[in-house]
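1. with the sequence up front, the predicted model follows.
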Amino acid sequence: MNESMTLLVVLAVVVGGLWAWRRLHPVSFWYGVVFPARAVLVYLSWHHVASGCKLTRNRRRFRLTLDALPVVGPASRNAATVVEHKRRVRRVDVERAPRLGVLRPTRLGWRMRLRLHDGQVPADYERAAEGIAHAWRVHSVRVVDVRPGYVTLWATMRDPLVEVTAEPETGELLTVRPGKLENGRDWVIDFRTIPHWLNAGATQSGKSNLANAIIKGLAPQPIALVGFDLKGGVEFTPYAPRLSALATTRKESVDLLTDLVGEVETRMALCRTHGARNVWTLPDDLQPIPIVVLVDEVAELFLMADKSEKDEVSRTATALLRVAQLGRAFAVHLIVCGQRIGSDLGPGVTALRAQLSGRVCHRVNDPETANMTLGDLDPAALDAARTIPAETPGVCIVAGQDGSWHRARSVYVPETAAEQAARDHAHLTPDWHTLIGSVSAVRPAA
């Protein structure tokens with residue numbers, strides 16, 4: 001009786017200690033308890049999981065066996081049967097699973113490298129990823145790295161995008177932190193690394209919220225913000241205190257883009273004079289103020305009501321494309337947003353899309369918009385974008401110029417918070433006429 005009580009007390013102490021450890025320090029509990037148990041489960045079940053997902057291969061092997069052959073003795077009922085053992089080499093087929101490497105823990109799961117069988121391709125594992133995730137009872141499994149003969153699988157225990165809390169401000173020039181990636185890391189947009197971005201999404205998908213987060217993150221920085229809002233200015237007018245210029249009509253857009261092209265050419269001449277490849281290699285006292293251009297609903301710049309607008313649309317498309325082509329080296333960056341981005345808007349949209357190496361695709365209403373945003377980068381990213389549920393606003397697929405992609409979610413930034421940031425940092429707004437060094441027809445933001 002005493003031994004049973006002692007065992008129960010010890011068991012209760014162990015359970016209580018594990019519970020307290022998990023509550024007080026979940027990170028060390030994951031690395032010290034949960035992950036080792038999960039690793040053992042993965043290794044023990046891998047052959048069955050691979051077989052169920054049809055990732056195994058039959059390989060021929062030769063085995064040496066001993067066969068017992070009876071030798072009939074003299075014709076007598078009581079004669080003993082003589083058994084002769086004969087060695088034979090037989091060919092058998094052995095089912096083998098892909099070789100599983102060492103599991104490396106992450107904060108939300110683990111990574112592991114697999115050696116492919118002959119004839120296998122990474123697409124085989126992408127198709128089997130959902131089955132592997134269900135077998136291991138994890139949130140998701142993804143192919144995140146491909147090398148000749150190997151793939152790396154990344155398993156995530158839970159979805160880190162259910163709740164996202166982050167501060168968009170980073171304190172670094174031309175860098176914002178709009179949310180979180182599915183691997184638990186901060187989602188960072190660095191315009192010096194990826195200068196131009198395409199942000200696509202339907203109404204209530206999180207597209208405008210991402211723009212709010214970017215504006216809130218850029219507002220405290222010594223840069224110029226420029227807006228194009230052909231929906232009558234209803235989107236960007238509240239941020240006017242922090243905007244150096246704002247175009248709300250087609251005519252204003254043409255004039256503002258003309259100014260931007262002229263500013264890019266001026267900076268180009270400055271770099272040529274001083275033998276610099278870009279503005280960042282100029283002396284500090286000569287480096288111009290970076291400009292970030294926000295375009296809301298890009299389709300409005302390309303749509304024509306009749307042929308009389310054809311010239312304006314052509315000039316707008318050409319100027320915007322020149323800014324995208326030349327702006328990177330001269331600190332002029334683009335964020336192009338739109339609900340509908342399709343080839344039917346004209347060849348200018350396709351050419352512009354090619355210059356926007358950063359891509360963000362929220363839930364969209366038509367497949368072509370998703371295809372225009374992500375289709376030329378990675379088919380797997382396109383498939384993931386098509387499965388974004390409507391009840392998760394802010395969730396998107398982010399793809400950079402290196403070809404990698406992630407599920408991400410922007411932090412919720414109310415319009416009032418972005419407007420307050422614009423007012424608080426209005427003193428940092430450069431005067432547009434002073435910035436471009438000439439008297440233009442562009443009306444500064446009110």
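-> Happy to help now that I have it. Numbering: from 1, shown residues only.
2. quick one: buried residues of stretch 297-309?
-> In terms of neighbour count (16 or more other Cβ atoms under 10 Å), stretch 297-309 has its buried residues at Glu297, Val298, Ala299, Glu300, Leu301, Phe302. Quick note: C-beta positions are derived from backbone N, CA and C, even for glycine.
3. tabulate these (TSV), appending secondary structure, distance to Leu320 and pLDDT.
-> Output for the buried residues of stretch 297-309, formatted as TSV (DSSP: H, G, I helix; E, B strand; the rest coil; distance: Cβ to Cβ, whole Å; pLDDT from 0 to 100):
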residue	secondary structure	distance to Leu320	pLDDT
Glu297	coil	13	86
Val298	coil	8	86
Ala299	helix	13	84
Glu300	helix	12	84
Leu301	helix	7	83
Phe302	helix	9	82
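4. which of those sit farthest apart?
-> Glu297 and Phe302 (10.3 Å; Cβ to Cβ).
5. could you say which helix or strand holds Leu198?
-> For Leu198, the element it lies in under DSSP states H and E is strand 196-200.
6. tell me which strands and helices that strand is in contact with?
-> On a contact count with 3 or more Cβ pairs under 8 Å, 6 or more residues apart in numbering; DSSP states H and E, strand 196-200 meets helix 207-218, strand 332-338, strand 358-361, helix 367-374.
7. give me the distance from stretch 13-26 to the chain's centre.
-> Centroid separation for stretch 13-26 versus its chain: 35 Å, with Cα atoms, centre = their mean, to the nearest Å.
8. name the residues that touch that stretch?
-> With Cβ atoms under 8 Å, 6 or more residues apart in numbering as the test, stretch 13-26 has contacts from Ser28, Phe29, Val33.
9. what is the nearest of these to Leu44?
-> Nearest to Leu44 among the contacts of stretch 13-26, with distances taken as Cβ to Cβ, is Val33, at 17.4 Å.
10. can you verify the closest one is assigned to a strand?
-> No - applying DSSP: H, G, I helix; E, B strand; the rest coil, one finds Val33 to be helix, outside a strand.
11. quick one, grab the pLDDT at the nearest residue to it once chain neighbours are set aside.
-> Spatial nearest neighbour of Val33, excluding adjacent residues (Cβ to Cβ, 6 or more residues apart in numbering): Leu18 at 6.9 Å. pLDDT for Leu18: 75.
12. I'd like the distance from the helix or strand containing Leu18 to the chain centre, please.
-> Element membership of Leu18, judged by DSSP H and E, is helix 2-24. Relative to the chain's own centre, helix 2-24 is displaced by 43 Å; criterion: Cα atoms, centre = their mean.
13. next helix or strand past it?
-> Next element after helix 2-24 (DSSP H and E): helix 26-29.
14. can I get that following helix in PDB? Just the C-alpha atoms.
-> What follows is helix 26-29, C-alpha atoms only, in PDB (Å, rounded to 0.1, in the frame of the first residue of the first chain):
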ATOM      1  CA  PRO A  26       7.100  26.500 -23.500                       C
ATOM      2  CA  VAL A  27      10.100  26.900 -25.800                       C
ATOM      3  CA  SER A  28      12.500  24.800 -23.700                       C
ATOM      4  CA  PHE A  29       9.700  22.300 -23.000                       C
END
